[in-house]
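Q: Pasted the sequence and its predicted model underneath.
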Amino acid sequence: MSKIGLIITREYTTRVKKKSFIVMSVIGPLLFAAMFVLPAWFSSMESTSEKRIAVIDQTNKYAGAISDTETLKFTWLQNDKEQQVKSEYKSMGYEAYVVISEDLLQNPDGIKIYSDAPVTIDMKSHIRRDLKKFLEKEKLESFKIDGLNEIISQVNNITVHISTIKLGEHGTEEESSTELTMMVAIIFAMLIYFFVLMYGTQVMRGIVEEKTSRIVEVIISSVKPFQLMMGKIIGIAMVALTQFLLWVVLTVAIIFGIKTALFPDGEMPTRMDKQMEIVQSSTNQEGGSTVESSEFAEQFSKIMEKAKSIDLIGPIFSFFFFFIGGYLLYAGLFAAVGAVIDNETDSQQFVMPIIMPLILSIYIAMAAFRAPDSNIAFWFSMIPFTSPIVMMARIPFQIPVWEVILSMVILTASFIFTTWFAGRIYRTGILMYGKKITYKEIWKWFRYSGK
Amino acid sequence: MQNFIKRIYPKKMMFLEARKVEKKFANHVALNQVDLEVPENSIYGLLGPNGAGKTTLIRIINQITGPDRGEILINGNPLKPDDVYKIGYLPEERGLYKKMKVGEQAIYLARLKGLSRNDALKKLKYWFEKFEIQGWWDKKIEELSKGMQQKIQFIVTILHEPKLLIFDEPFSGFDPINTSILKSEILKLRENGATILFSTHNMESVEELCDHITLINNSRTILHGQVDQIKQDFKEHLVELTYTGSEDVLKQKISHPFNIRQTASTNGHHKAYIEMGDSGTINQLLKILINDIEINGLTELLPSMNEIFINVVNKSNQSSTTANTNQP
């Protein structure tokens, strides 16, 4: 095996065997899976506990105006029970009680909820929504319009569905879902940010470790310093890719595992469907009808169709390119810093200038989600220090191909340059101990190590 | 100087040569026209005070850095990248990966020096048995004491059986027992055909081990040659006389060209240090004294390498400071 191969193998195997790597590889997918599964689980938890609420209507106008839901059950009591309820509502089995004391059309404040436990927003908004609907109807009826019910049902049937149609270059119309595209863009950009930062600093740490343990001189008597540096950078890149692939595979496996555990027959279309249905039915109580939620399921399956139809191959290819390119660009700089400092506590003054453009690119990426074609998004997706993240935020929006290619070319040229630059500093730096290094000193090394 | 060297090593092949090597760093000159001629199969001491440029020279030989001018020859050929396999290097600033296991790490370092995995394993087995440290194989380096780590480091340095071994301060961090083990191993390596270049401040070990030395000060060579020859060159023609009898008698008898430098007596044993002058011989001295005092012993005193080191370095520092002050 070539020497650089040996170095890559060592860097790779020692890292993937580390406990921290294994823990990260497991926790990451668990968190991702939790993002999908937990909301559904919570809402299913809530639905099991039923709350009874007493209503005392002193106006006698609103009997039955508030409908029951899966979790909220309303009981209309006689006015004379008011005193009893006030003192004993708990022992009577009620969570809270509602008192309507005045005509709500004339005085909207004429209703109060009493409870010693905090009243949930869900409960409050449900009551408000139902009463509002009832009052609207009452108000409309007071105008005495003929065929009112017909009019109302016609009005209720008006709906608007907006689909975004992206006009393709060849005049073909491709349907795209803006929300989904944005999700993809955000995930890609964040992943690159995360991996560049995490594994870039690992390169730095690895070099500092070799320097402080003083093994570096033993090794560079066998291999060229540049080989050692590149071996480390490439080895850690492979660790990063391994981690990424593990996350993808494990996340999918966990989600499918939970899905099959909950729905062994496999009759549920997807886990997402169920979750979204629950969310939908809880936010859309007015109807509360099965008709509407199945309508949503239909909508949802449409989105899934669209997700499949979105061309992911291009973005995924670019993701790997910018992932590796961005990593190489920053890893070179982190390597130079590692060579310059003696221990990690000294790293701050040199690491800050490197991290700044990374943080900046996250902000620019946020702007790019909203306006992928703006000038700022364009220019920062050309500057190599920000382009990996900003470009990834733009690519799912199907920007012109030449922009992507130009950005890739600039990035490639830049990482070749930073690697070369880092190599020269690295060569001198790894053999320097116990000196406080300034930028001026680094510049000297850079110039002299060319000889 | 070339003639001088030819006289001392008329037949032996030079294994390692440095010719007029120069190296400048951003702020100072590390090596200035330094020559080095290490005969094959010898132990060669590279001496000099801290900061003299020894480590830089060693790094150049190891191709860690390149010289600005001059060249390095190995076996008569200019240094080439593959020569790293012929060299085993134990740097002064040494260490191992702390979190890596001993065995794994030794194999890794051996493979970087060009050994195959199997060869490395075989040779490591031999050395681990020899030093009786088989139990360390699966330990992490950080679990070992400093002396134990040094042992591992030594094994790793010589494992690929290099023709040229370079030891920079090999004895630092070793206790006396391990130091003597190490010394005998170094001598064995020479017996087995290796050439050893070895840099140290420990002059005792220089006298014990080295055949030749080069002394570098302020980036220049100020002394080089065979150790015995150097001692002869620097001897002060001084003898140590141990005797029984009267000191006054001694003083009366000693006259030109001899001269008593110093006397000492402990428990009735008398010692005198006598300068031999330009023409005096030991036989003449004996003739003068033999009838009047009882001679217990007479030895010619050779300067220790320690004294020579201090002398030569001080002289060179003085001349360089005067040279500097003379400059306008």
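A: Noted; the coordinates are in hand.
Q: What residues sit buried inside stretch A:133-151?
A: A:134, A:135 (16 or more other Cβ atoms under 10 Å in any protein chain shown). Placement of C-beta: from N, CA and C, glycine included.
Q: An error on my part: the question was meant for stretch A:229-239.
A: Neighbour count says stretch A:229-239 has A:229, A:230, A:231, A:232, A:233, A:234, A:235, A:236, A:237, A:239 buried, by 16+ other Cβ under 10 Å.
Q: Contacts only, for the fourth one.
A: Yep, that's residue A:232 we're talking about. A:7, A:11, A:203, A:206, A:207, A:335 (Cβ atoms under 8 Å, 6 or more residues apart in numbering or on different chains).
Q: about what we covered before: what is the nearest of the buried residues of stretch A:229-239 to chain B?
A: residue A:231 (10.3 Å; Cβ to the nearest Cβ).
Q: In the stretch 101-250 of chain A, where is pLDDT below threshold?
A: Scanning the stretch 101-250 of chain A for pLDDT under 70 picks out the ranges A:163-180.
Q: where does it come near chain B, residue by residue?
A: A:209-210, A:213-215, A:217-223, A:225 (Cβ under 8 Å from any Cβ of the partner chain).
Q: picking that back up, now for the contacts of residue A:232, which sits with the most neighbours around it?
A: residue A:335 (29 neighbours; other Cβ atoms under 10 Å in any protein chain shown).
Q: correct me, but that one touches residue A:421?
A: No: under the criterion of Cβ atoms under 8 Å, residue A:335 makes no contact with residue A:421, lying 10.1 Å away.
Q: Touching both of the two, which residues are there?
A: Counting by Cβ under 8 Å, 6+ apart, nothing touches both residue A:335 and residue A:421.
Q: Now do the one helix or strand residue B:316 maps to, average pLDDT.
A: Residue B:316 is part of helix B:305-326 when elements are defined by DSSP states H and E. Averaged across helix B:305-326, the pLDDT comes to 76.
Q: contacting residues for the closest residue to residue A:190 other than its chain neighbours?
A: Leaving aside its sequence neighbours, residue A:190 sits nearest to residue A:362 (Cβ to Cβ, 6 or more residues apart in numbering or on different chains; 7.9 Å). Contact analysis of residue A:362 by Cβ under 8 Å, 6+ apart lists A:189, A:190, A:193, A:389.
Q: count of residues packed around the closest residue to chain A within chain B?
A: Per Cβ to the nearest Cβ, the residue of chain B with the smallest distance to chain A is residue B:95, at 3.3 Å. Residue B:95 is flanked by 19 other residues according to other Cβ under 10 Å.
Q: what pLDDT does it get?
A: 85.
Q: mind listing what it touches?
A: Here residue B:95 is in contact with A:213, A:214, A:215, A:218, B:149, B:153 (Cβ under 8 Å, 6+ apart).
Q: doesn't residue B:199 make contact with residue B:169?
A: Yes: the criterion here is Cβ under 8 Å, and residue B:169 meets it with residue B:199 at 6.5 Å.
Q: what is in contact with those two at once?
A: residue B:92.
Q: Give me the helices and strands touching the helix or strand harbouring residue A:184, please.
A: Secondary structure assignment for residue A:184, by DSSP H and E: helix A:178-212. Judged by 3 or more Cβ pairs under 8 Å, 6 or more residues apart in numbering or on different chains; DSSP states H and E, helix A:178-212 is in contact with helix A:225-262, helix A:290-309, helix A:313-340, helix A:348-370, helix A:387-394.
Q: Quick one: distance of the helix or strand following it to the chain centre.
A: Counting by DSSP H and E, the element after helix A:178-212 in chain order, helix or strand, is helix A:216-220. Centroid separation between helix A:216-220 and its chain, computed with Cα atoms, centre = their mean, to the nearest Å, is 43 Å.
Q: likewise stretch B:307-317?
A: That offset, for stretch B:307-317, works out to 16 Å (Cα atoms, centre = their mean).
Q: same thing with stretch B:204-221?
A: 5 Å.
Q: and that stretch, how far apart are its ends?
A: End-to-end distance for stretch B:204-221: 21 Å, by Cα to Cα, to the nearest Å.
Q: pretty sure residue B:144 is touching residue B:152, no?
A: Yes: at 7.2 Å, residue B:144 counts as touching residue B:152 under the criterion of Cβ under 8 Å.
Q: Settle it for me: which of those two has more neighbours?
A: Neighbour count, other Cβ under 10 Å: between residue B:144 and residue B:152, residue B:152 has more, with 24 against 18.
Q: Quick check: closest non-adjacent residue to the more buried one.
A: residue B:102 (5.9 Å).
Q: Could you pull up the residues touching the one you found?
A: For residue B:102, counting by Cβ under 8 Å, 6+ apart, the contacting residues are B:136, B:137, B:138, B:139, B:140, B:141, B:144, B:152.
Q: buried ones in the helix holding residue B:316?
A: Here helix B:305-326 shows B:305, B:308, B:309, B:312, B:313, B:316 as buried, counting by 16+ other Cβ under 10 Å.
Q: hang on, the earlier thing: quick one: buried ones out of the contacts of residue A:362?
A: For those, buried by 16+ other Cβ under 10 Å: A:189, A:193, A:389.
Q: I'd like to know how far the first one sits from residue A:50.
A: Shown here: residue A:189 relative to residue A:50, a distance of 44 Å by Cβ to Cβ, to the nearest Å.
Q: Same check on the second one?
A: When distance is defined by Cβ to Cβ, residue A:193 is 45 Å away from residue A:50.
Q: swap in residue A:362?
A: Distance from residue A:362 to residue A:50, counting by Cβ to Cβ: 45 Å.
Q: ok, now residue B:284?
A: Relative to residue A:50, residue B:284 is positioned 125 Å away (Cβ to Cβ).
Q: What of residue A:367?
A: Distance, residue A:367 to residue A:50, by Cβ to Cβ: 47 Å.
Q: Which one of these two is surrounded by more residues?
A: residue A:367 (15 against 12).
Q: State whether that one and residue A:374 are indeed in contact, as I suppose.
A: Yes: counting by Cβ under 8 Å, residue A:374 is a contact partner of residue A:367 at 7.0 Å.
Q: and residue A:59, helix, strand or coil?
A: Of the three states, residue A:59 takes coil according to DSSP: H, G, I helix; E, B strand; the rest coil.
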